[in-house]
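**Student:** what shape does this take:
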Amino acid sequence: MRDPGLYQFLGRMSASHLTRRDLVKRAAAIGLTVPVLSSLLAACEDDDTDDAVDEPDTDDADEPDAEPDDADPVDEPDDDTDDVEEDDEDVDEPDDDPDDDDDDAPAETGGFINWTATTGDSGIANPILNGRLAWVEWWTFSRLFRYDDQGGIVNDLAEDFEISEDGLNWTFHLREALWHDGEEFDADDVIFTFNTVVDDATDTGFASRLRIGGEPVQWDAPDDRTIEVTAPDSFGPFLYALSEIPIIPEHVLADSDDINTDDFNTNPVGTGPYRWMEREPDQWLRLERFDDYYAGQPAAEGITIFYVSDVEAASASLDSGEVDYMFAPPELQPRYMDDPDVRVLQYVYFTPITLTFNHRHPILQEFDVRRAIAHAIDRDGLRDSVTVGLGLAANNQYAQTAPVLDDFNDYDNVDYSETYPFDPDGAREILDELGFEEGDDGIRERDGERMSFTLLTYAGFDEYQNAQQIIQSMLAEVGIEVQLDVLEYTTLQSMWGDPDTDPMDLAMEVQEWPHPFEMDPDVYGELHSDSHPPNGDNHMFFADDEVDRLIDEGRAIAELEDRQPVYHELDQRRLETLPCLPLYCAVDARLLHRRVEERSSDFPMEDTPSMRWWERTFIENLYKPE
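**Tutor:** Next up is the predicted model:
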């Protein structure tokens, strides 16, 4: 179902001669957001700002196709996107305050929920490919399994399963479900997905989820509702691995000449609660409720994701009531702590924010260089500055508040603050011993090679960029030059997946790395030497035989609690080899406008350590009919 308000507005706008301010007010009345308006309206030159919103430059080329006034309606609901009643005969005279009527709108009509994204639009909606759109990956597609708010595995497309006593044979029983085009989901889709993921021609980082000890697991489908899997060895994180792999439709993609460039990537078909509706590249993406979703009709009518430049733009849209939900890094959260209209849902990201090192870089390959850099950085000062005092110390491989994962930190023997304390004099001494001498400008050189590194991060919010600048200043104090660059997330993501990316262009980063399998401690995909791009997400090209051995050993143990000693050793080995330097644990948040909470069902609006679980469950429960 398309949102009629958008098309009615665009059609009438093209046929009218209204002032820009009138156009803004009418757009707000039907629920259009600032990010959409940015592609429709020119900046208003009127000095009267009493009821104006930000009005960026117009760009008619980015407008969705308008429907003329006499066009046949397309599945028009009784209410518009934001439940604001609109008189079609008098569309040019909306209420002064479009939010006044929200309380009177009937809850059973549902509504579109407006979100913001600062990570950019990659244009890749195939959920198994590198660069995939996260919102589509999680809401348009399903997996065999998901996990709950405490990291426990729950069924998704797999209705039940059995494991043999030796842990090598798995049998998955599939539920009945429909694809968004009405075709039935069956075992052929699972087999096709697995085969595609392990195909070397597929641009994906998921292949490691289907390998143990470097060998792929084997799979077969004895009937339409059963998958049998045989692993070459016990595979402890297998269910978590499967919770990462979205299932794609065999009947749509089996004849594809190249899955990496197939039309499916911009017009996907899934089995999830929300199906693809439409997209304006780099502007917005809209998903609509799939009424035949196997778990029951989702409550929200749909979701609109608006791509914005940074969290300040998102915040402006939240403040104006034009979006309902957004990500908030630490520096933004204090602004909303006492706001009665906004819920601040805080959580600690399960992986520390790190300074990563490219281990193909000819200088950063040297452990003592990385050790000197670690001593040159005041991690406590950096943390308190960039997180406005909200960050937590990061002295182990996982956040100390991460459910399940914190059990795999070796708190007794691993503490980065003790091994690599802030000691700039010690850093200078190490670099002197390595033969790096200060030049006339204070920057060190060795054998004519200047000690200069690129430091990248991705655009979207100030926290990482502030960390870049602080690190640049601290390293300059010991004679290391740092050149900063901020890229769109999708651009950086493409560099991660390209094995030919020049390490001189990607020497260091401020980012979250390495990720485990969400609630499982396995880091094969991001830290094992077999997972260098394009086979996995070890885009820093770290390699260490002992780390590989421990990762392989940890994966081969079936019971989670029995794996703890291995991952304690891995925590120690990471400390000793320094693939990256943990900087701090971020206390991130989602901001939720209370008008959504007031209109939702009894879904608990509580903080949770697993925001991905919360978001998907929350969105399926919005605007629940009485």
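
**Student:** bridging residues for residue 226?
**Tutor:** residue 173, residue 223 (DSSP bridges).

**Student:** what's the answer for the one 4 residues further on, then?
**Tutor:** Using DSSP bridges, the bridge partners assigned to residue 230 are residue 169, residue 218.

**Student:** tell me which element residue 288 falls in.
**Tutor:** Assigned by DSSP states H and E, residue 288 belongs to strand 284-289.

**Student:** repeat that for residue 485.
**Tutor:** Going by DSSP H and E, residue 485 is part of strand 481-487.

**Student:** buried stuff in that strand?
**Tutor:** 481-482, 487 (16 or more other C-beta atoms under 10 Å). For glycine as for every other residue, the C-beta is placed from the backbone atoms N, C-alpha and C.

**Student:** how about stretch 281-295?
**Tutor:** Neighbour-count burial for stretch 281-295 [16+ other C-beta under 10 Å]: 283-290, 293-294.

**Student:** with only the CA atoms kept, save stretch 132-149 in CSV.
**Tutor:** Backbone C-alpha positions of stretch 132-149 (Å, rounded to 0.1, in the frame of the first residue of the first chain) are rendered in CSV as follows:
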residue,chain,number,x,y,z
ARG,A,132,23.3,-4.3,2.3
LEU,A,133,20.7,-2.0,3.7
ALA,A,134,20.3,-2.8,7.3
TRP,A,135,16.7,-1.9,7.6
VAL,A,136,15.7,-4.1,4.7
GLU,A,137,18.0,-6.9,5.9
TRP,A,138,16.1,-7.2,9.3
TRP,A,139,12.5,-6.3,8.4
THR,A,140,12.0,-7.5,4.9
PHE,A,141,13.8,-10.8,5.3
SER,A,142,13.6,-13.7,7.8
ARG,A,143,16.3,-16.1,9.0
LEU,A,144,16.1,-19.7,10.2
PHE,A,145,16.6,-18.3,13.8
ARG,A,146,16.6,-15.1,15.7
TYR,A,147,17.6,-14.3,19.3
ASP,A,148,15.8,-12.7,22.1
ASP,A,149,16.6,-9.7,24.4
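
**Student:** chain center to stretch 235-250, what's the gap?
**Tutor:** 18 Å (C-alpha atoms, centre = their mean, to the nearest Å).

**Student:** now the end-to-end length of that stretch.
**Tutor:** Using C-alpha to C-alpha, to the nearest Å, one end of stretch 235-250 lies 26 Å from the other.

**Student:** what is the rounded mean pLDDT of that stretch?
**Tutor:** Averaged across stretch 235-250, the pLDDT comes to 92.

**Student:** check stretch 401-410 too.
**Tutor:** The model assigns stretch 401-410 a mean pLDDT of 86.

**Student:** may I see the buried residues of that stretch?
**Tutor:** 402-406, 408-410.

**Student:** what sits up against the strand holding residue 288?
**Tutor:** The contact list for strand 284-289 (C-beta atoms under 8 Å, 6 or more residues apart in numbering) reads 1-3, 35-36, 110, 112, 121, 133, 135-136, 139-140, 273-279, 297-298, 300-307.

**Student:** is the nearest residue to residue 215 once chain neighbours are set aside in a helix, a strand, or coil?
**Tutor:** Once flanking residues are discounted, residue 215 sits nearest to residue 232: 4.5 Å by C-beta to C-beta, 6 or more residues apart in numbering. Under DSSP: H, G, I helix; E, B strand; the rest coil, the three-state class of residue 232 is coil.

**Student:** and the pLDDT at residue 232?
**Tutor:** Reading off the model, residue 232 has pLDDT 89.

**Student:** tell me the contacts of it?
**Tutor:** Contacts of residue 232 by C-beta under 8 Å, 6+ apart are 168, 212-213, 215, 217.

**Student:** any quick PyMOL command for the buried ones out of those residues?
**Tutor:** Selecting only the buried entries of those in PyMOL, with 16+ other C-beta under 10 Å as the criterion:
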select buried, resi 168+212+217
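
**Student:** if we take the contacts of residue 232, which one ends up nearest to residue 368?
**Tutor:** residue 213 (32.7 Å; C-beta to C-beta).

**Student:** which non-adjacent residue is nearest the closest one?
**Tutor:** Nearest residue to residue 213 in three dimensions, chain neighbours excluded: residue 233, at 5.3 Å (C-beta to C-beta, 6+ apart).

**Student:** so, low pLDDT: which residues of the stretch 51-200 of the chain?
**Tutor:** 51-110, 149-150 (pLDDT under 70).

**Student:** for the chain, same thing?
**Tutor:** 1-110, 149-150, 517-518, 597-626.

**Student:** one step back: dump the contacts of residue 232 into JSON lines; add distance to residue 428 as well.
**Tutor:** Below are those laid out as JSON lines (distance: C-beta to C-beta, whole Å):
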{"residue": "168", "distance to residue 428": "54"}
{"residue": "212", "distance to residue 428": "46"}
{"residue": "213", "distance to residue 428": "44"}
{"residue": "215", "distance to residue 428": "48"}
{"residue": "217", "distance to residue 428": "51"}
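
**Student:** re the thing from before, so which elements touch the strand holding residue 485?
**Tutor:** strand 452-458, helix 462-476 (3 or more C-beta pairs under 8 Å, 6 or more residues apart in numbering; DSSP states H and E).

**Student:** deepest-packed of these, please.
**Tutor:** Of all those, strand 452-458 has the most neighbours on average by mean count of other C-beta atoms under 10 Å, namely a mean of 21.

**Student:** around residue 424, how many other residues sit close by?
**Tutor:** 16 (other C-beta atoms under 10 Å).

**Student:** and what of residue 399?
**Tutor:** Using other C-beta under 10 Å, residue 399 has 26 other residues around it.

**Student:** hang on, it packs against residue 348?
**Tutor:** Yes. Using C-beta atoms under 8 Å, residue 399 is in contact with residue 348, at 5.0 Å.
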